[in-house]
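>>> predicted coordinates and the sequence they were generated for:
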There are 4 protein chains.
Amino acid sequence: MQKLSEADLHAAVSGLNGWQVVNGKLHRVYKFADFIHAFGFMATSALGIEKAGHHPEWFNVYNRVTVDLTTHDAGGITEKDIDLAKFLDEVAKKLQ
Amino acid sequence: MQKLSEADLHAAVSGLNGWQVVNGKLHRVYKFADFIHAFGFMATSALGIEKAGHHPEWFNVYNRVTVDLTTHDAGGITEKDIDLAKFLDEVAKKLQ
Amino acid sequence: MQKLSEADLHAAVSGLNGWQVVNGKLHRVYKFADFIHAFGFMATSALGIEKAGHHPEWFNVYNRVTVDLTTHDAGGITEKDIDLAKFLDEVAKKLQ
Amino acid sequence: MQKLSEADLHAAVSGLNGWQVVNGKLHRVYKFADFIHAFGFMATSALGIEKAGHHPEWFNVYNRVTVDLTTHDAGGITEKDIDLAKFLDEVAKKLQ
């Protein structure tokens, strides 16, 4: 799994909604109605995350979840992070 | 919290979608795409369940969750069960 | 993955604590202090379950979780069920 | 619910294990064996958190959970944060 080139990263991020590259990581903030839905998003996603074996950095306070994605072994953002971003978006969209 | 009368129970169940009275309990089966979404439904709902202090009997296998609701202290179905049915429906609808 | 022979099944169940064969499935009941710990057991286990791709039949009411394990594709109890039983026991022991 | 006095805060933190006041918040880092146990800690705790109606700021990456507690309405650390710290410690101890 290799770090994406600048061009590939730019193309991949353009295809995502609400994600930006911040401090070299794929970054997004999700807002939900309340803690139940914010944590429900995390609990649902956690099953797919553990299955894929690729884990996010994520921060929660009340109805907000902030996510940063990078692939430590590759020293940057890889295809795995793009896939995880898409998976998180799918789950979040349902619970928002 | 009192057991609903036959008439009130009938009226309440008529207002719900997919619920029936089976063996004196409010009963519904939910189907999801897969285990991730079925368990995501349970994990999200669990927060509201514990908050309300009223717990379901629920059974899961893979993408299916079967729910039975009754209020033990009242010896039957109460308004608490109707409220829990509505809450579970709201969460399930999002994750289905 | 093949159904265990009677002898292998007997040996495997003897090595487990609290499990019995009931209706052709590996069966155990767990009790916890309350719903928080019972559901915490389920939520923690769910991550390993989805990762292993082998799912239990499980039933929860308040502080109790009843589990039945079988491998549908093999028409009976397999090594996968024994492994899942051990994993569930490890998680349950911590939260009990 | 009032912000604790310096003396009361000092006494309360002395009675806790592994917690410090950092940037005016009650702060602790928990380490677990892996993501399953770290997220299991969060999922179990989340039920008690929502029930108590007092929510942490928490950050997770893989096997690590970093927690910061404060009571926004009181503009500082209150008894609610001390109670939440104790509850999180109890759950974490089991899953560590």
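Received the coordinates, thanks.
>>> list the contacts of the residue nearest the centre of chain A.
Closest residue to the average C-alpha location of chain A: residue A:85 at 3.7 Å, with Cα atoms, centre = their mean. Residue A:85 makes contact with A:16, A:19, A:26, A:28, A:67, A:69, according to Cβ atoms under 8 Å, 6 or more residues apart in numbering or on different chains. Every residue, glycine included, has its C-beta placed from N, CA and C.
>>> name the helix or strand for it, please.
Using DSSP states H and E, residue A:85 sits within helix A:79-95.
>>> angle of that helix against helix B:79-95?
140 degrees (axes from the mean of the first three to the mean of the last three Cα atoms, to 10 degrees).
>>> residue A:68 and residue A:58, how far apart?
According to Cβ to Cβ, to the nearest Å, residue A:68 stands 7 Å off from residue A:58.
>>> higher neighbour count, these two?
residue A:58 (22 against 18; other Cβ atoms under 10 Å in any protein chain shown).
>>> that one falls within a strand, correct?
Yes. Per DSSP: H, G, I helix; E, B strand; the rest coil, residue A:58 lies within a strand segment.
>>> look up which residues are beta-bridged to the nearest residue to it once chain neighbours are set aside.
Among residues not flanking residue A:58 along the chain, residue A:67 sits closest, at 4.8 Å (Cβ to Cβ, 6 or more residues apart in numbering or on different chains). In this entry, residue A:67 is beta-bridged to residue A:28, residue A:58, by DSSP bridges.
>>> my read: residue A:67 touches residue A:55, true?
No. Residue A:67 is not in contact with residue A:55 according to Cβ atoms under 8 Å; the separation is 10.8 Å.
>>> now do the buried residues in stretch A:66-84.
Buried residues in stretch A:66-84, counted by 16 or more other Cβ atoms under 10 Å in any protein chain shown: A:67, A:68, A:69, A:70, A:71, A:76, A:77, A:78, A:80, A:81, A:82, A:84.
>>> adding pLDDT, write the residues you listed out as TSV.
TSV is the format used below for the buried residues of stretch A:66-84 (pLDDT from 0 to 100):
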residue	pLDDT
A:67	98
A:68	98
A:69	98
A:70	98
A:71	98
A:76	97
A:77	98
A:78	98
A:80	98
A:81	98
A:82	98
A:84	98
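>>> among these, which one lies nearest to chain B?
Minimum distance to chain B across the buried residues of stretch A:66-84 is 13.8 Å, recorded for residue A:84 (Cβ to the nearest Cβ).
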